[in-house]
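Q: What follows is a predicted protein model with its sequence.
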2 protein chains.
Amino acid sequence: MKVVIVGGSDAGVSAALRIRELQPNYEVLIVTKDSYPNFSVCGLPYLHSGEISDFRSLFHRTPQDLEALGIKLKLDTQVLAIDAKDQVLSTSSGEHITYDTLILGTGVLPRRLSVLDDLCSPSVFYLHSPTDGERLESFIRTNTPRSALIIGAGYIGVEMAEAFITRDIRTYLIEQNDQIFPSAEVEFATRIQDALIRRGVSIHTSCGVEKASQTLDDKISVTLTDEESLEVDLVVVAVGVRPNSMLAEVAGIELNTQGAIVVDSYMRTSKPNILAAGDVVHTFHRVLDRFTYLPLGSTAHKQGAIAGEVASLDQTHRFTGSLGTQVLKVFEDVFATTGLKREQSLREGFDPLFIEIEADDHKAYYPGANKIYLSILGDRATKRLLGVQMYAKVTSAVHKRIDVAAAALYSSMTVSELLDLDLSYNPPLGSPWDPLQVAAAEWIRRSQIRQESSR
Amino acid sequence: MKVVIVGGSDAGVSAALRIRELQPNYEVLIVTKDSYPNFSVCGLPYLHSGEISDFRSLFHRTPQDLEALGIKLKLDTQVLAIDAKDQVLSTSSGEHITYDTLILGTGVLPRRLSVLDDLCSPSVFYLHSPTDGERLESFIRTNTPRSALIIGAGYIGVEMAEAFITRDIRTYLIEQNDQIFPSAEVEFATRIQDALIRRGVSIHTSCGVEKASQTLDDKISVTLTDEESLEVDLVVVAVGVRPNSMLAEVAGIELNTQGAIVVDSYMRTSKPNILAAGDVVHTFHRVLDRFTYLPLGSTAHKQGAIAGEVASLDQTHRFTGSLGTQVLKVFEDVFATTGLKREQSLREGFDPLFIEIEADDHKAYYPGANKIYLSILGDRATKRLLGVQMYAKVTSAVHKRIDVAAAALYSSMTVSELLDLDLSYNPPLGSPWDPLQVAAAEWIRRSQIRQESSR
């Protein structure tokens, strides 16, 4: 049996590793247009910040590691077409590659901004592939830029703002929405924004690029829609992604309205013997109880492993869904979220009650206590937990506290069930009622007040 | 309506606060033999270590705070008898106090060692009540002891060893069992022991006190069962606790074989209008699916709140059970546990498979990664998760990572469901597969090997 995997990032490599484990006799070939498979794109901001000095340390596994595991690689090779009937691929190098099972892990493409693309400038960067990161890092080391404009204040935008500030580059961050970091409720987006501003980032929200041009001394001159003008040494465009699904589309594989490949819980596409996983597919959302588009690295690993199992004829596990759990480091602070936001829950027909509390990360009498800001979103009708967000110093462990909420959401807990959880307590590390439980109690109190007043 | 609460610690005060909230017109009286209600006994080791300088900061609420909330207090008063028929209490001050509802939160008594009690020495301490802590602290400040023997290496023993070392007191810690900290699997107990030894604690396991005497210069001379002899300036006895249930027993309230008060999930005892909560009652264990004795502060808070609700005629919540989640700080390290241990699971008739892994707390390419040691205990027959233990540096957040496992245990998850959890990932703070999931995958792998080899 021969399994061909298109794409050498998280989903593709996870699938390949799982097949090697389950079916050591299968032939496994990864075809990828990148020169670098199994590369941590999520780690690029920390390369650009200078916290990681060697580009090569961002390999989860090197090509040699993968080959040593019995995985064949065809790098720098674009797959141009899939013949689903005859089960054969055509590549940019003119090859025809047959497969018994095909796994598509083609990921995403960055959304582009024509106003900047039109410049054809070497000072404009998209941070999407390892090569993009290599190019930016080389630009920084060669040109020692003094100023940068980042367009888009999502994950990459915010992390790159921190990276540039850490590297002493004057940083402007602009965002089309009226708040930065759209996964955060506005209360938390404000905290993220404050943390960035405190460290010197200039932020413009509700703002886009009106005009851009290249100056004679190789700077980029930009006029913003709020009429401010900037001259910067480089521009990073991070305005979102879309599924890289054209190959699948042309092969007649079903896509959803957002262009993501439609798969079932075994990662099977609409075509026989073709599986797909990772950022290119739609994702089942456990709280919404329906498919959505929610590309995240941790999800890609899960889906890739399941595609690998199914390709190995092992259907023990199914993909049980995502909650959109995310964590963002902003200098010394951390924002974390899981589940729905207010706005989204309203759109979905829930009757949401949102409450926010602040609580100490451990008993205040023990030195070093810091505040955790924590919100709970629950549905008044069913009392179900819908989402949790947190913000605190790195040392307050909200990156793992959010996982407690994620485990609760996974099990469709009500808010009041959070009170029943047997969570750890020790004065230097916690409180008898965990902040999540303090918030749950407050949510219940407030939901009862509303009930009583509406009687 | 008049609710009388016997005991002013976690369970009693939680009950009182909940009644004030739900039934502001009820009279609430706490009768306690201590001078200090609502005091954090768990915080005492950090007073004795010098990390907390003021005894008074260990009040969760002062007597004045409680009275301002409308809770009446009768301090330094022992309840001698309950007349359950006429609903009246007799106290050490000769009073008779009637009640409509009685809540017993009488907590525990320390197990005593007669070989040391017989000395009647002011240098022997039990650390059970605020007064005990006050007396020890005053002893240390007055006498500047140079050496201490701690008998019993459970929670209090280990925390006091850290406290004494932090205060430059030569410390001997002895334990009757063949390992310290009996809640830990031996692998983890060894790590706790190593951390203590590294900081200079002398540890004797499988060891008790053979003889003890007071020297002329007010030292305590001790001969251990392993034949070693010590002379120390003070002794702390921390050899466990038992339910302080004599008052209940005499009143004819049903106790279990361990002497804990038998309650239902609404904290109702066998006598009408008498509730009980906290360390004096037996506790439903969710993994064992039966009652056991497992006194913990976080459980006492939960049970107290439920007793308060039931006393307020609100039966919305029931006590849904404990998992024995615990966390222990040992200098810069943390041990955390939830659920069962191997030995216990075998005794209960499970078919346990225990596996242990080590994993980085975040992507190794980002600076500052540290190892987490993590074990999973699961039942081969049902694939159910039974318990998780972790050990790492404080910064690796195992005190909240354990809560993710606790949430999974609460929902009776299988080990393989852990793989489905949507946990947070960001290179400086985690990995796409959380260490808990790495361990789950290893558990599944190992359970399959056993299955195959037994076919």
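A: Perfect, I can see it now. Numbering: from 1, shown residues only, chains lettered A, B, ... in the order given.

Q: who in the stretch 51-200 of chain A is up against chain B?
A: Proximity of the stretch 51-200 of chain A to chain B (Cβ under 8 Å from any Cβ of the partner chain) is limited to residues A:51, A:52, A:57, A:58. For every residue, glycine as well, the C-beta is placed using N, CA and C.

Q: how about the nearest residue to the first one, chain neighbours excluded?
A: Ranked by Cβ to Cβ, 6 or more residues apart in numbering or on different chains and with sequence neighbours excluded, the top spatial neighbour of residue A:51 is residue B:367, at 5.9 Å.

Q: distance of that neighbour from residue A:393?
A: Distance, residue B:367 to residue A:393, using Cβ to Cβ, to the nearest Å: 18 Å.

Q: Just to check, residue A:102 is in contact with residue A:82?
A: Yes: the criterion here is Cβ atoms under 8 Å, and residue A:102 meets it with residue A:82 at 6.8 Å.

Q: neighbour-wise, which of the two wins?
A: Comparing residue A:102 with residue A:82 by other Cβ atoms under 10 Å in any protein chain shown, the one with more neighbours is residue A:102, at 27 against 24.

Q: Give the next helix or strand downstream of the helix or strand harbouring that one.
A: According to DSSP states H and E, residue A:102 maps onto strand A:101-104. As assigned by DSSP H and E, the chain's next helix or strand after strand A:101-104 is strand A:108-110.

Q: re earlier: residue B:367 and residue A:393 - which one has more neighbours?
A: residue A:393 (16 against 11).

Q: Any regions of chain A where pLDDT drops low?
A: For chain A, applying pLDDT under 70 flags the ranges A:450-455.

Q: hey, where'd the helices end up in it?
A: A:10-22, A:44-48, A:63-68, A:114-117, A:130-143, A:155-166, A:186-198, A:246-250, A:297-311, A:342-347, A:398-410, A:415-418, A:435-453 (DSSP state H).

Q: Turn those helices into JSON lines, columns for distance to residue B:278.
A: Below are the helices of chain A laid out as JSON lines (distance: least, Cβ to Cβ, whole Å):
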{"stretch": "helix A:10-22", "distance to residue B:278": "47"}
{"stretch": "helix A:44-48", "distance to residue B:278": "47"}
{"stretch": "helix A:63-68", "distance to residue B:278": "55"}
{"stretch": "helix A:114-117", "distance to residue B:278": "64"}
{"stretch": "helix A:130-143", "distance to residue B:278": "56"}
{"stretch": "helix A:155-166", "distance to residue B:278": "45"}
{"stretch": "helix A:186-198", "distance to residue B:278": "36"}
{"stretch": "helix A:246-250", "distance to residue B:278": "60"}
{"stretch": "helix A:297-311", "distance to residue B:278": "40"}
{"stretch": "helix A:342-347", "distance to residue B:278": "38"}
{"stretch": "helix A:398-410", "distance to residue B:278": "24"}
{"stretch": "helix A:415-418", "distance to residue B:278": "21"}
{"stretch": "helix A:435-453", "distance to residue B:278": "17"}
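
Q: Could you dump those into CSV with mean neighbour count added?
A: Below are those laid out as CSV (neighbours: other Cβ atoms under 10 Å in any protein chain shown):
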stretch, mean neighbour count
helix A:10-22, 26
helix A:44-48, 25
helix A:63-68, 14
helix A:114-117, 15
helix A:130-143, 16
helix A:155-166, 24
helix A:186-198, 18
helix A:246-250, 17
helix A:297-311, 27
helix A:342-347, 16
helix A:398-410, 28
helix A:415-418, 23
helix A:435-453, 18
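
Q: The most centrally placed residue in chain A: what's it in contact with?
A: Note on chain A: the residue nearest the mean C-alpha position is residue A:296, at 3.8 Å, using Cα atoms, centre = their mean. Counting by Cβ atoms under 8 Å, 6 or more residues apart in numbering or on different chains, residue A:296 makes contact with A:279, A:322, A:324, A:325, A:326, B:425.

Q: Which of those fall in strands?
A: Secondary structure from DSSP state E places residue A:326 of these in strands.

Q: out of the contacts of residue A:296, which one sits closest to residue B:288?
A: Residue B:288 lies nearest to residue A:325 out of the contacts of residue A:296, by Cβ to Cβ, at 30.6 Å.
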